[in-house]
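S.K.: Need coordinates for the following:
(one chain, ligands or ions: 1)
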Amino acid sequence: MASVFTHLVVGLALGTAFRRDPTPRRFWFAGALGSACPDLDAVGYWAGVPYGHLLGHRGLTHSPAFAAALAATIVACAFPRRVWPHPRAPLWLYLFLAIASHGVLDATTNGGLGVAFLAPFSAERWFLPWRPIWVSPIGVRAFFTPYGLDVLVTEILWVWLPALGFVAGAAVLRRRRGRRPATGS
Ligand SMILES: [Zn+2]
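M.R.: Got it, this is the predicted structure:
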């Protein structure tokens, strides 16, 4: 897996392109937690579910199908009209991208099994052809080791910096849109 910090960074960065003013706090919470939650499948790992199983680590919870279903559930349950009076499709799209980004990031790491992108229809595992991110150690303390720091450096280089560029781009577009004069009568 990529580190939980990096999943959170991507989930929050994506949100800058979809937020609406005023942005409810739960918008950020849903995106950040959604981007990290596929690793809840680690519970199965401790319970003895084999890694390569459909419900094993990087299995069903890392698939786009899971992301689509979870995003729809969050939109329906956590964003009633009084909280989110805006169109719901972009909100769903944001949460889908935040959750699905987890599997994509994991598929760019250099360790473990690949990601079951086609779950629940297939348990086959996949990596992306380009895998620059070192697989993350487990536990916070492991990051304070030479290997843990090297992992963070690769993630900062290949994920955090592009995410920062994305946030800056979204901010520029938002400002431009805000400056555009109103048309029509
Ligand atoms: Zn993962």
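
S.K.: buried ones in the helix or strand of the chain with the lowest mean pLDDT?
M.R.: Least confident element among the helices and strands of the chain, by mean pLDDT, DSSP states H and E: helix 42-46 (a mean of 85). Judged by neighbour count using 16 or more other C-beta atoms under 10 Å, the buried positions of helix 42-46 are Gly44, Tyr45. For glycine as for every other residue, the C-beta is placed from the backbone atoms N, C-alpha and C.

S.K.: quick one: contacts of it?
M.R.: Contact with helix 42-46 is made by Tyr51, His53, Leu55, Gly56, His57, as judged by C-beta atoms under 8 Å, 6 or more residues apart in numbering.

S.K.: Need the max-distance pair from the residues you listed.
M.R.: Tyr51 and Leu55 (10.4 Å; C-beta to C-beta).

S.K.: So which of these two has more stuff around it?
M.R.: Leu55 (18 against 13; other C-beta atoms under 10 Å).

S.K.: residues contacting the more buried one?
M.R.: Asp41, Gly44, Val49 are the contacts of Leu55 under C-beta under 8 Å, 6+ apart.

S.K.: The same query, at a cut-off of 6 Å, please.
M.R.: Gly44, Val49 (C-beta atoms under 6 Å, 6 or more residues apart in numbering).

S.K.: now do the one 3 residues further on
M.R.: Under the criterion of C-beta under 6 Å, 6+ apart, the contact list for Arg58 reads Asp106, Leu113, Val115.

S.K.: Is the second one part of a helix or strand, or is it coil?
M.R.: Per DSSP: H, G, I helix; E, B strand; the rest coil, the local secondary structure of Leu113 is coil.

S.K.: Trp126 is in contact with that one, correct?
M.R.: No. Contact criterion C-beta atoms under 6 Å: Leu113 and Trp126 do not qualify, at 9.6 Å.

S.K.: sorry, back to before: restrict the contacts of Arg58 to contacts with the ion.
M.R.: Asp106 (C-beta under 5 Å from the ion).

S.K.: low-scoring pLDDT stretches of this protein, where are they?
M.R.: Applying pLDDT under 70 to the chain picks out residues 1, 139-140, 181-185.

S.K.: All the strands of the chain, in order from the start?
M.R.: Here the chain has no strands by DSSP state E.

S.K.: ok so, going back, out of the contacts of Arg58, which are buried?
M.R.: Asp106, Val115.

S.K.: out of the contacts of Arg58, which one sits closest to Pro162?
M.R.: The closest of the contacts of Arg58, once distances to Pro162 are taken by C-beta to C-beta, is Asp106, at 16.7 Å.

S.K.: Turn the contacts of Arg58 into CSV, columns for distance to Val9.
M.R.: CSV is the format used below for these (distance: C-beta to C-beta, whole Å):
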residue, distance to Val9
Asp106, 14
Leu113, 24
Val115, 19
